[in-house]
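J.: Need the 3D shape of this:
(chains A and B)
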Amino acid sequence: MDNPKETSGFVFSKESLKKKFRLSEFLSEKIITGVAFLSIAIIVLIFFFVFRESLPIFSQQKAVVKVEHAEKQEQYGVAADSTQTNSSGQEQYGVTSNDTMMIEDQAREVDTVVHGSDRATAKSLLGKQWLPVSDNPRYGLIPLFVGTLKITLIAILFAAPIAILAALFSAAFAPYWLREIIKPAIELLAGFPSVVIGFFALMVMASFFQNLFGYDGRLNAFVGGVAMALAAIPIIFTITEDALTAVPKTYTEASLALGATRWQTALFVTLPAATPGIFAAILLGIGRIFGETMIALMATGNAAMIGINPFESVRTLAATIGAEMAEVVFGDTHYNVLFLIGALLFVFTFSLNAVAEFYVKGKLVKRFQGKQS
Amino acid sequence: MSKRKSITGGLFIGATAFSAFLIIAIIILLLVVIIIGGKGTFSWEFLTAFPEDGMMKGGIFPAIYGTVLLVLIMSIAAVPFGTITALYLAEYAHEKSILAQTIRFAVRTLATVPSIIFGLFGLGFFIKFVGSGMDDVFLGGQLKWGQPNILWASLTMALLTLPVVIVSVEEAIRTVPREMREASLALGATKWETIKRIVIPGSRSGIMTGTILAVSRGAGEVAPILFTGAAYYLATLPTSVSDQFMNLGYHIYIMATQSANVDQTLPIQFATTMVLLLLTFTLNLAAVIIRAQLRRKAK
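T.: Residues are numbered from 1 along each chain as shown, chains lettered A, B, ... in the order given. As a prediction, this is how the structure comes out:
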């Protein structure tokens, strides 16, 4: 209080109204802001470290890996046969690569360029064979991509219609009390660990579908896809439900006032108005399925095959990381390729999320505000 | 004008109702199948005994112990950081500022990053970078921290559960009435004092919900710990944070896919799955109930 004016009774001055500097305030604000930065830092660090471990692939010397097409055909035949006798994903993978070893020996006679070198190049990543643990390792990512896309397609075909219809029921038709049961119940499904869903698929669903359809391989893309749909349904449901309830009441009221029935209003007014939100829900659902590891490891059979048959075993990108990372030599090409797969997965889900976030939200806001005002 | 009953309308509403009930039915079916399969083996002894005969017999105590330890260390890391980030977003940040929006985007991104990526990050960052770095600096290259252990697994899991905490706590902070903050400030309290005395106590239930949800998530996730610390079988319990550990979810995965005799251990697998499912289910149910009360209070 060195200001003489203040000693003789309180007088408001420019000086006394100024915010006083308090160390505790200053520190708490800076610390809280600093910690809040952590989330951004983590994203950047994930990006950096996952990519860093995959970089050596691109700096290695080029070794052209030639693969004979005729042998590839044979190999899939063998792989498909071997899947029939096994039930566990891990074992199956071992058998597949053992069987292919024989063919591989033949392949090496033709293929003199390689000399059993452990060099993966950017070119061989586009190959059609994923054989990382053989004498002549090949890191073709195509079968893994095909497998992941196949399973994502199957899962989303099941999850999206069911989840969207259920959300519509909850948002437009269900009485209040029923809604208060459905929503928490589906939230609970979101809390089921994926390893539990994977176990359920492996032990119960696989046998059920095998009896139903009578196919040979117990574990395949179909079983895995349906199991993953269970994991994606809560996400799609919740976001769709939010989007549907966010549609302004004036829309539905106007529609009802014009003589439309409740279902017509729901189908032709509410649902179209919420399309961007539903689109976002599906995108995030795809992201969830794309990166799902445990269900893929347990229920898909894990043989890297290229084909459109949904009852064939597949190996997804995420499952490949999960199954092989624990056994690889650190710093090996195989190790780097697995990190590259991780980086690709990260970039993919990141972009899906970014699209869902910016494009869709902007559109939704514009649509509702633009029409209302 | 009478209400027209159309077949299409009936079918459409029927289809939506069917979808909703189908999901509920699957949830119930899953719970029932797992419980029926597991309850024969489930007993107090099963929970407290060590596995025997190469995991063909015995209990799952080390797996439960490891899981509890994992979520404990994880919560110690995730809850304070999550709460502080939520405080920033709700109390300090301007809603429209670029920084706040970037943090929000980062949090949402973090929530959608596949769990296996966290595992890779844990391996690349915690084990290979921080761990090996610590070994080089403090132990002169002797291998101690640069390998999978429960600390790195827990920290990896903490990153995964951070968004869960942030979202729950922020929601709770926003339910603290504005009048209470203003009253506190009007009485001469500073912003930090208001947060400390009014906002944090007022959002205690939200912090609890966030913790419960994070624990439930952390207990169930397997992918992040596959190569950051979970072990197939350990004869002893972990005694230090640099030890490896057994985990319920990992135990299920190993037993169901890599065990020597999958059929023979099927009852153990079902019982272990039942334990994990009931654990996460109860935690989530508690969170749902607390949250419902919180929302009612907010209205």
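
J.: Pick out the residue of the stretch 1-150 of chain B closest to chain A.
T.: residue B:114 (2.2 Å; CB to the nearest CB). For glycine as for every other residue, the C-beta is placed from the backbone atoms N, C-alpha and C.

J.: what residues are up against the residue nearest to that residue when sequence neighbours are not counted?
T.: Closest residue in space to residue B:114, ignoring its immediate chain neighbours: residue A:291 at 2.2 Å, by CB to CB, 6 or more residues apart in numbering or on different chains. Neighbour list for residue A:291: A:318, A:345, A:349, B:113-117 [criterion: CB atoms under 8 Å, 6 or more residues apart in numbering or on different chains].

J.: Output the lowest mean pLDDT helix or strand found in chain B.
T.: Ranking every helix and strand in chain B by mean pLDDT, DSSP states H and E puts strand B:57-58 at the bottom, with a mean of 80.

J.: Check the burial of residue B:240 by counting its neighbours.
T.: 9 (other CB atoms under 10 Å in any protein chain shown).

J.: pretty sure it is in a strand, no?
T.: No - using DSSP: H, G, I helix; E, B strand; the rest coil, the assignment for residue B:240 is coil, not a strand.

J.: Now residue B:148. Its backbone dihedrals?
T.: The phi and psi values for residue B:148, taken as degrees, to the nearest 10, are phi -60, psi 130.

J.: List the residues that contact it.
T.: B:123, B:127, B:227-230, B:244.

J.: can you map out the helices along the stretch 1-150 of chain B?
T.: For the stretch 1-150 of chain B, the helices defined by DSSP state H, counting those that start in this stretch occupy B:7-39, B:44-48, B:61-87, B:98-112, B:115-121, B:132-138, B:150-175.

J.: Any chance you could list what contacts the fourth one?
T.: Read that as helix B:98-112. By CB under 8 Å, 6+ apart, helix B:98-112 touches A:36-37, A:39-40, A:42-43, A:284, A:287-288, A:349-350, A:352-354, A:357, B:85, B:88-89, B:93-94, B:159, B:162-164, B:166-167.

J.: list the buried ones in it?
T.: B:100, B:103-112 (16 or more other CB atoms under 10 Å in any protein chain shown).

J.: and which of those is nearest to residue B:195?
T.: residue B:100 (16.7 Å; CB to CB).

J.: okay, that closest one: pLDDT?
T.: For residue B:100, the pLDDT comes out at 89.

J.: quick one, phi/psi of the residue of the stretch 1-150 of chain B closest to chain A?
T.: The phi/psi pair for residue B:114 (degrees, to the nearest 10) is phi -60, psi 140.

J.: how about it, what does it touch?
T.: A:287, A:290-293, A:318, A:345-346, A:349, B:223.

J.: ok, now how distant is it from residue A:348?
T.: Distance, residue B:114 to residue A:348, by CB to CB, to the nearest Å: 9 Å.

J.: Contacts only, for residue B:67.
T.: B:219, B:247-249.

J.: out of these, what pair is the most spread apart?
T.: Pairwise over the contacts of residue B:67, using CB to CB, the maximum falls at B:219 and B:247, 8.6 Å.

J.: Which neighbours do these two have in common?
T.: Counting by CB under 8 Å, 6+ apart, the residues touching both residue B:219 and residue B:247 are B:67, B:70.

J.: higher neighbour count, those two?
T.: residue B:247 (30 against 22).

J.: For the stretch 251-373 of chain A, which segments count as helices?
T.: A:262-265, A:271-273, A:275-291, A:294-299, A:317-324, A:333-354, A:361-372.

J.: who wins for proximity to residue B:31 among these?
T.: The nearest among the helices of the stretch 251-373 of chain A, by CB to CB, is helix A:294-299 at 17.5 Å.

J.: what's residue B:56 sitting at in phi/psi?
T.: According to degrees, to the nearest 10, residue B:56 has phi -80, psi -30.

J.: so how many other residues sit close to it?
T.: That count, for residue B:56 with other CB under 10 Å as the rule, works out to 14.

J.: Neighbour count and distance to chain A added to the contacts of residue B:148, as CSV?
T.: Below are these laid out as CSV (neighbours: other CB atoms under 10 Å in any protein chain shown; distance: CB to the nearest CB, whole Å):
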residue, neighbour count, distance to chain A
B:123, 30, 7
B:127, 22, 9
B:227, 25, 5
B:228, 27, 10
B:229, 32, 11
B:230, 27, 9
B:244, 19, 12
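
J.: Tell me the residues of the stretch 1-150 of chain A that contact chain B?
T.: Counting by CB under 8 Å from any CB of the partner chain, the stretch 1-150 of chain A comes close to chain B at A:22, A:24-25, A:28-29, A:31-33, A:35-40, A:42-43, A:45-46, A:49-50, A:52-53, A:87-91.

J.: Closest one of the buried residues of helix B:98-112 to residue A:163?
T.: residue B:112 (16.6 Å).
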